[in-house]
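> Give me a model of this one.
(one chain, ligands or ions: 1)
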Amino acid sequence: MCGIIGIAGRSQVTDRLIDGLKRLEYRGYDSSGIAVLTDGALDRRRAKGKIKQLEARISESHMDGQIGIAHTRWATHGVPNKANAHPHRSGRVAVVHNGIIENYLELRESLAGQREFTSDTDTEVVAHLVDIELAKGLSPRDAFAASLKQLKGAYAFGLIIDDNPDEIYCARAGSPLALGIGPHKKEHYLGSDAMAMAQLTNQLIYLEEGDWAILRPEGYEIFDETDTPVTREITVIEGGPALAEKGKYAHFMLKEIYEQPETVTRTLTHYLGDKRERPVKGTDLAPAMDFTKFDRIILIACGTAYYAGAVAKYWFEQVAGLAVDIDVASEFRYRRPVLSENALFIAISQSGETADTLAALRYCQEEGLTTAALVNVMTSTMAREADIAMPIHAGPEIGVASTKAFTAQLTALAALSLSAAQSRGTLEDAEILRLTSELISVPRLISEALELDAEIETQAKTLAPARSAFYLGRGAQVPIAFEGALKLKEISYIHAEGYAAGELKHGPIALIEDGTPVIVLAPMDELYEKTVSNLQEVASRGARVTLITDSAGAAAGASMADDMITVPTSDPFTAPLITTIALQLLAYHTAVALGTDVDQPRNLAKSVTVE
Ligand code: G6P
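Okay, here's the model as predicted:
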């Protein structure tokens, strides 16, 4: 989604703003732009497409300045083109914006006689509003504050003003925004996330809902929604800029796939404790996470995080006897769910900023439920607003297609389900210990699964020409089939669907024809035979079947599949964490074979901060 970077300094900022935009590319965008104040005079460049197009415009006609704002836009109102790219300008004002101004049509109509609009965006109205207030003779500070009061919706802004050489104005309501403190407090920054400012500073101040601020080279002032000056805490971000480099890997996605033995270990260490003596380290789970208090769990998420929740439903119900309701966040609050006051709400979100998931969390908070957020970004809005914030420790995930965050979410949820089983007394201690040691062996098994890389790369070449593919599984492998299909469609643009293998006969089998790729997930477990029967049903109708199984499953089903990927043997409890690795590699290599933009697939955003 859209990204913002701003620098208030005394030295040239263009190159550093462009560097910041490149760090925001991972969020997904379709145009970009930059505005700077050169000795107080406003200068702007914008371009459709990738940042290199913007760089080309800057090299055609050089610009530089000491203060500037820049933006990557993911189109919402208006097609991706130069006219709709930010910064938007009106008179003395240039503004970049993330989010949606909900009353923009109303405002636009009210300004129609006085102002000419040059874009289809909701954002442009903000530039006009501030410029109108300035024209009335208000100071920049008063003009900005007065304009904010006229806006409804979700926004994060950065704004600069011609002939006002020392200041950037910014505001946050509904969309995250952070200030950065530069070395020796000689420069200050603005960013929609820590990544944008990673090369500049690790000292951030996250603005709170309704806050607005003025940044200057030597300082900053923050005000709350009543325009009262406030102090906000400084957060020091761990992990340096090196974390955002690809290193020896061709893509961030591949790097992140390979990081999984390490990231899963980190998640396990957090939830099981260093010595891993006890199934779940009680001290890391706030007292509110006493699973005996709850009679059901509500899991809410979007995209890949939703599929992590769908696997966790099997875990919580099977090992802890806890009923789980799971829903995609965009549906949850609008269907007026019947909520039990003894339910524990858990939002699952890599970014901790997804608009629908955040709205669901707030909805449940208003309804008086205990809320938890399982997130990768502990400085995120969800982590700050939930009663209990639980990290997954996956480290920055840059590839739009989520991989290491997914396995880290699964790992945390598996550990939490064991914690619930222990506190609720639904499993014998010996069984909890056995499943815990299975969980502890997951990083090793993932490393072994990664050794299948070259073999899977070869199989991907067979999948690449397909127009459509199906993924089948049973039990906790069903959400893994959904996630595998999602990975393939996200980055290769091949139409792919996941199905519960038992549902096949109720419709999708009509789509099977000669050569249709069907990827069947069937590690050896109590459902193996049933899944293999479904495999035969599609094979006998001409499907090209790839069986993903373990060595026992391979021995039993070898003759029935066209291709086989034999993943390391694991307990059925942890098997979703292993089969998913093969599907990540399959999607990755298929996309590479097709030459798509693996890390920034078309139309997709890493963090979806609008509904
Ligand atoms: C976007 C991303 C997905 C992600 C989903 C939910 O669609 O492209 O990779 O799974 O949002 O994001 P979250 O940050 O809430 O996990």
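
> Now do the SS call for the residue sitting furthest away from the middle of the chain.
Distance from the centre of the chain peaks at G137, with 42.8 Å (C-alpha atoms, centre = their mean). Classification of G137 by DSSP: H, G, I helix; E, B strand; the rest coil places it in coil.

> For it, give its distance to the ligand.
Distance from G137 to the ligand, counting by C-beta to the nearest ligand atom, to the nearest Å: 44 Å. Bear in mind the C-beta positions are built from the backbone N, C-alpha and C, glycine included.

> same check, this time on E256
Using C-beta to the nearest ligand atom, E256 is found at 11 Å from the ligand.

> got a list of what that residue touches?
Going by C-beta atoms under 8 Å, 6 or more residues apart in numbering, E256 touches 397-399, 403-404.

> Shouldn't it be within a helix?
Yes: according to three-state DSSP, E256 belongs to a helix.

> For this structure, give me the ranges with low pLDDT.
Along the chain, the parts satisfying pLDDT under 70 run over 239-244, 273-288, 558.

> who in it is up against the ligand?
302-305, 349-351, 354, 357, 400, 402, 604, 606-608 (C-beta under 6 Å from any ligand atom).

> Are any of those residues buried, and if so which?
Buried subset of the residues of the chain next to the ligand (neighbour count, 16 or more other C-beta atoms under 10 Å): 302-305, 349-351, 354, 357, 400, 402, 604, 606-608.

> Can you give the distance from stretch 349-356 to the centre of its chain?
Taking C-alpha atoms, centre = their mean, to the nearest Å, one finds the center of stretch 349-356 at 6 Å from the center of the full chain.

> And stretch 596-606, by the same measure?
With C-alpha atoms, centre = their mean as the basis, stretch 596-606 stands 12 Å off its chain's centre.

> Pull the residues that contact it.
Residues from elsewhere that reach stretch 596-606 (C-beta under 8 Å, 6+ apart): 1, 25-29, 74, 251-254, 351, 397-401, 490-493, 588, 591-592.

> Keep only those of the residues you listed that are in helices.
For the contacts of stretch 596-606, the ones inside helices are 252-254, 490-492, 588, 591-592, with DSSP state H as the criterion.

> ok, of these, which one's closest to the ligand?
When the ones in helices among the contacts of stretch 596-606 are ranked by distance to the ligand (C-beta to the nearest ligand atom), E490 comes first, at 7.1 Å.

> give the contact list for the closest one.
Neighbour list for E490: 400-401, 587, 601, 604 [criterion: C-beta under 8 Å, 6+ apart].

> residues in contact with the residue of the stretch 401-550 of the chain found nearest the ligand?
For the stretch 401-550 of the chain, the residue closest to the ligand is S402, as judged by C-beta to the nearest ligand atom, at 3.8 Å. By C-beta under 8 Å, 6+ apart, the contact set of S402 is 303-305, 350.

> Just send those residues back as TSV, with secondary structure too.
Formatted as TSV, the contacts of S402 follow (three-state DSSP):
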residue	secondary structure
G303	helix
T304	helix
A305	helix
Q350	coil
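
> How about the secondary structure of D122?
Under three-state DSSP, the three-state class of D122 is coil.

> That one contacts N103, doesn't it?
No: between D122 and N103 there is no contact under C-beta atoms under 8 Å: 9.0 Å.

> Between the two, which contacts overlap?
In terms of C-beta under 8 Å, 6+ apart, D122 and N103 are both contacted by the residues G153.

> of these two, who's got more company?
D122 (24 against 14; other C-beta atoms under 10 Å).

> And that one, its phi and psi?
Main-chain torsions, D122, degrees, to the nearest 10: phi -80, psi -20.

> ok, it - contacts?
76-77, 97, 100-101, 104, 153.

> now those residues: which count as buried?
Buried members of the contacts of D122, counted by 16+ other C-beta under 10 Å: 97, 100-101, 104, 153.

> so which of those would you say is closest to S540?
Lowest distance from S540 to the buried ones among the contacts of D122 (C-beta to C-beta) belongs to I100, with 50.7 Å.

> List the residues that contact the closest one.
I100 neighbours (C-beta under 8 Å, 6+ apart): 76-77, 122, 153-155, 610-611.

> Pop out the phi and psi values for the residue nearest to L107 when sequence neighbours are not counted.
Spatial nearest neighbour of L107, chain neighbours left out: V125 (4.6 Å); criterion: C-beta to C-beta, 6 or more residues apart in numbering. Backbone dihedrals for V125, given as degrees, to the nearest 10, come out at phi -60, psi -30.

> ok, now E497?
Phi and psi for E497, reported as degrees, to the nearest 10, are phi -130, psi 140.

> what residues are up against it?
Listed by C-beta under 8 Å, 6+ apart, the contact partners of E497 are 468-471, 485, 508.

> Among the contacts of E256, which one has the most neighbours?
T403 (30 neighbours).

> Tell me how far that one lies from A145.
T403 sits 44 Å away from A145, going by C-beta to C-beta, to the nearest Å.

> Next: P217.
22 Å.

> and if you look at H128?
Between H128 and A145 the distance, using C-beta to C-beta, works out to 16 Å.

> do the same with Y155
The spacing between Y155 and A145, counted by C-beta to C-beta, is 14 Å.

> okay, these two: which has more neighbours?
When neighbours are counted by other C-beta under 10 Å, Y155 and A145 differ, and Y155 comes out ahead with 22 against 18.

> Wasn't that one part of a helix?
No: counting by three-state DSSP, Y155 is not found in a helix; it is strand.

> in the sheet, who's paired with it?
Beta-bridge partners recorded for Y155 (DSSP bridges): G99, G174.

> from memory it sits against A173, does it?
Yes: Y155 is within contact range of A173, at 5.5 Å (criterion: C-beta under 8 Å).

> So which residues of the stretch 301-450 of the chain form strands?
Residue ranges of the strands in the stretch 301-450 of the chain, as given by DSSP state E, counting those that start in this stretch, are 323-328, 343-349, 370-375, 388-391.

> most tightly surrounded among the ones you listed?
Most buried of the strands of the stretch 301-450 of the chain by mean neighbour count (mean count of other C-beta atoms under 10 Å) is strand 343-349; its value is a mean of 28.

> other SSEs contacting that one?
Strand 343-349 sits against strand 296-301, helix 303-320, helix 355-366, strand 370-375, with contacts defined as 3 or more C-beta pairs under 8 Å, 6 or more residues apart in numbering; DSSP states H and E.
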